[in-house]
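Peer 1: next comes the sequence, and after it the predicted model I'd like to discuss.
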Amino acid sequence: MNLSNETILHTKKNGIEYIQFRKLLEYPEVVHAYTLRTNLDFKTREDGANLQESYQKLGNSLHFSVEDVIRPAQSHTDKVEIVETQKLEKEHIRYLKQFSDVDGLITNEKNVILSTTSADCIAFLFFDPVQKVIANIHSGWKGTLKQIARKTIEKMREEKHCNPKDILVFSCPSILQCHFEVDKDVADAFIETFPFIKGKEEYIKAMGEKQGKPKWNIDTVAINRVVLENAGIPKENIVESNICTVCHKQEFHSYRADGKANGLNTAIIGLK
């Protein structure tokens, strides 16, 4: 299946597959991708052969070095850190100790590949073409409640002098409203955090009861869109893949579809 649409390009090359955003491809100084299942394994936290080989395959296709990959040890936080390579004790492509319990990275350095993993959660890629600053964050429903996307923009503004009006934001494939079913406690948490969603099916849809429990379907992509706009990102600067990882479970790893044994997709972005 070719997943290309008006916002993304689906590439099959050298036995691997990934998508790229057409808008971001307009900037030759940026390398980026979001991987599909094929012949890639990013699920381990160890610097093992499978992980090494997967980054090598992706690097060979996109012309970056495995040694330039920086990965945080994600744990559904709202913590975002600046990458300054001279301050790092590089551990090859292991999770770096400096970025333990971190779910977002920002840098303006060249030849640094920021990498996050996900399997239904949203990976957001940020690029400021004026200040030449990039960011890569992992935002599951917990990260969305904590508004990690907004906090990333604030950090880019405060520490890298970015103007939100210049920042481009790209939302990678994730679980969409059609499959993101939650119980009352999660629904209530979203309504409390984001009052604008109450009673609006475009954000939260009552689905009746299943096994005696009320259920709701939440659109975290749409909610993040509002959060981004409220943080100063122009509407036209927010680009969404419009791909559900559960609907396309054959192409992408999905926690909801695969269960605990699932693999992970990876999002990467770097400056040449």
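Peer 2: Sure thing, it's come through. Values in this document were obtained by computation on a predicted structure and should not be read as measured data.
Peer 1: remind me which residues of this protein are low pLDDT?
Peer 2: Under the criterion pLDDT under 70, the flagged ranges of the chain are 44-49, 89-97, 260-262.
Peer 1: can you pull out the helices in it?
Peer 2: 49-62, 141-145, 148-160, 184-193, 220-230, 255-258 (DSSP state H).
Peer 1: quick one: closest of those helices to Ser75.
Peer 2: helix 141-145 (9.4 Å; C-beta to C-beta). (Each C-beta comes from the backbone N, C-alpha and C, glycine too.)
Peer 1: wouldn't Pro214 be in contact with Gly208 here?
Peer 2: Yes - between Pro214 and Gly208 there is a contact at 7.2 Å, judged by C-beta atoms under 8 Å.
Peer 1: which of the two has more neighbours?
Peer 2: Pro214 (13 against 7; other C-beta atoms under 10 Å).
Peer 1: grab the nearest non-local neighbour of that one.
Peer 2: With sequence-adjacent residues excluded and distances taken as C-beta to C-beta, 6 or more residues apart in numbering, Pro214 is closest to Lys184, at 5.7 Å.
Peer 1: and that neighbour, what does it touch?
Peer 2: Lys213, Pro214, Trp216 (C-beta atoms under 8 Å, 6 or more residues apart in numbering).
Peer 1: can you redo the helices of the chain as a markdown table with distance to Thr117?
Peer 2: Converted to a markdown table, those look like this (distance: least, C-beta to C-beta, whole Å):
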| stretch | distance to Thr117 |
| --- | --- |
| helix 49-62 | 10 |
| helix 141-145 | 13 |
| helix 148-160 | 15 |
| helix 184-193 | 22 |
| helix 220-230 | 17 |
| helix 255-258 | 11 |
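Peer 1: Asn237 is nearest to which of these?
Peer 2: Closest among the helices of the chain, using C-beta to C-beta: helix 220-230, at 8.4 Å.
Peer 1: what angle separates the closest one from helix 184-193?
Peer 2: Relative orientation of helix 220-230 and helix 184-193, computed by axes from the mean of the first three to the mean of the last three C-alpha atoms, to 10 degrees: 20 degrees.
Peer 1: quick revisit: looking at the contacts of Lys184, which are in strands?
Peer 2: Mapping those onto strands (DSSP state E) picks out Lys213, Pro214, Trp216.
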